[in-house]
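**Student:** Any chance you can model this:
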Amino acid sequence: MTAYAVGDRVEARIGPVAHGGHMVARVPAGDHNVVVFVRHALPGELAVVEVTGTAKRFLRGDAVEILEPAAERVAAPCPLAHPDGCGGCDFQHVSLPGQRALKAAVVAEQLQRLAGLDVDVTVEEVPGSPDGLGWRTRMQYVPLPDGGRGLRKNHSHDVVPVERCLIEAPGARIQLVGEPPSGATVVETVRHRSFEVAADGFWQVHPAAPETLLGSVLELLDPQPGERAVDLYAGVGLFSAFLAEAVGPTGSVLSVEGDRRASDLAKRNLADLRTTIVRSGRVDRVLSDLDAEGAPGADLVVLDPPREGARKQVVDLVADLAPRAIAYVACDPAALARDLSYFAERGYRMSVLRSFDLFPMTHHVECVALLVRDR
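**Tutor:** Presented below is the predicted three-dimensional model:
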């Protein structure tokens, strides 16, 4: 057990950024040091840290006073971005270039630690939010008894009243926690195609995200006429549609999505693309069925899994398809790095990595990795 309790304060020199948006510091605890994961701090700063949580081997804390600030520190634009305030934004106290440098450090550290890859990472700015605000096109608030709304504190069910979140985009779709599914759909347009999406279903929340990710995937895969493509965790068919256009009438696309509603909408969105087949079901089960049926392999695969990643079974099934190239779209660098290590065991190496700042003011980052067979 640590020698600290919630509410204790200790002076600490702040160390490197960790996955999850915290900074790592070490503070004395008897004859040893204990790790504390600190919010509202920056590497190199000297800060007074208030303990907010304890575990057997580490502490959580907030920097409540900055004694020696880092050069990247700025005044947070949101009045709720402080200890005991809203827990939604991790990096409002950091300049935008500083935020991207922190995210790049996390991606690089995860790739080295979990996949044994030494990669120079650059997190790219995307258009649409030059000040890092007003980009989130879907917001979920907690309803309050007085008719107001709020957002939760970090690691807490406590709610902070909020009139309007500063990262909320003008005209954003608003959801309230506990609100039943509406069944409604909305239309999103990317390039020359429209996609029907469930109003409470998945669609990237940054307005530049669909085009940014689509452009990166197509550029890296370079699909050719006549090729066979497989789009896994395909959602409502964004990547499937443009892959189908690229491979043309002599190629084919298999679009696989586990969410029944999204899969049904994908069938509508892709109805004009006769060479596209939409399959609804868990990705591992659909791929296992294809393997059992002796279905032919694939030339290209797009993997866009949820935050937990594809995991080993799906990685093995994808490798069994023997594609020439795989585009892996990842919202969690730890899951990406873990899955890259599995792909390496099957003879696939990462040849290109791009990272995008699609979630300014937060610790989140989106990556697109190109995997090719290791000769």
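
**Student:** Spell out the secondary structure type for Ala344.
**Tutor:** Classification of Ala344 by DSSP: H, G, I helix; E, B strand; the rest coil places it in helix.

**Student:** tally of neighbours for it?
**Tutor:** A count of nearby residues for Ala344, using other Cβ atoms under 10 Å, gives 17. Bear in mind the C-beta positions are built from the backbone N, C-alpha and C, glycine included.

**Student:** Now do the contacts for it.
**Tutor:** Ala115, Gly116, Asp374 (Cβ atoms under 8 Å, 6 or more residues apart in numbering).

**Student:** Roughly how far does it sit from Val314?
**Tutor:** Per Cβ to Cβ, to the nearest Å, Ala344 is found 15 Å from Val314.

**Student:** same question, Leu151
**Tutor:** 34 Å.

**Student:** Same check on Ser280?
**Tutor:** 16 Å.

**Student:** Neighbour count: these two, which is higher?
**Tutor:** A count of neighbours by other Cβ under 10 Å puts Val314 above the other of Ser280 and Val314, at 21 against 17.

**Student:** So what does that one look like in phi/psi?
**Tutor:** phi -70, psi -40 (degrees, to the nearest 10).

**Student:** Surely it is in contact with Leu287?
**Tutor:** Yes. Applying Cβ atoms under 8 Å as the test, Val314 and Leu287 come out as touching, 6.9 Å apart.

**Student:** where do the contact lists of those two overlap?
**Tutor:** Leu232.

**Student:** In this structure Leu218 contacts Phe242, no?
**Tutor:** Yes. The pair Leu218 and Phe242 qualifies as a contact (Cβ under 8 Å) at a distance of 6.2 Å.

**Student:** With neighbour numbers in mind, choose between those two.
**Tutor:** Phe242 (22 against 17).

**Student:** quick check, the more buried one in a helix?
**Tutor:** Yes. Phe242: assigned to a helix according to three-state DSSP.

**Student:** dump the residue contacts of it.
**Tutor:** Phe242 neighbours (Cβ under 8 Å, 6+ apart): Arg191, Arg193, Leu214, Leu218.

**Student:** Distance-wise, check it relative to Leu220.
**Tutor:** 13 Å.

**Student:** does Val368 belong to a helix or a strand, and which?
**Tutor:** Here Val368, judged by DSSP states H and E, is contained in strand 366-373.
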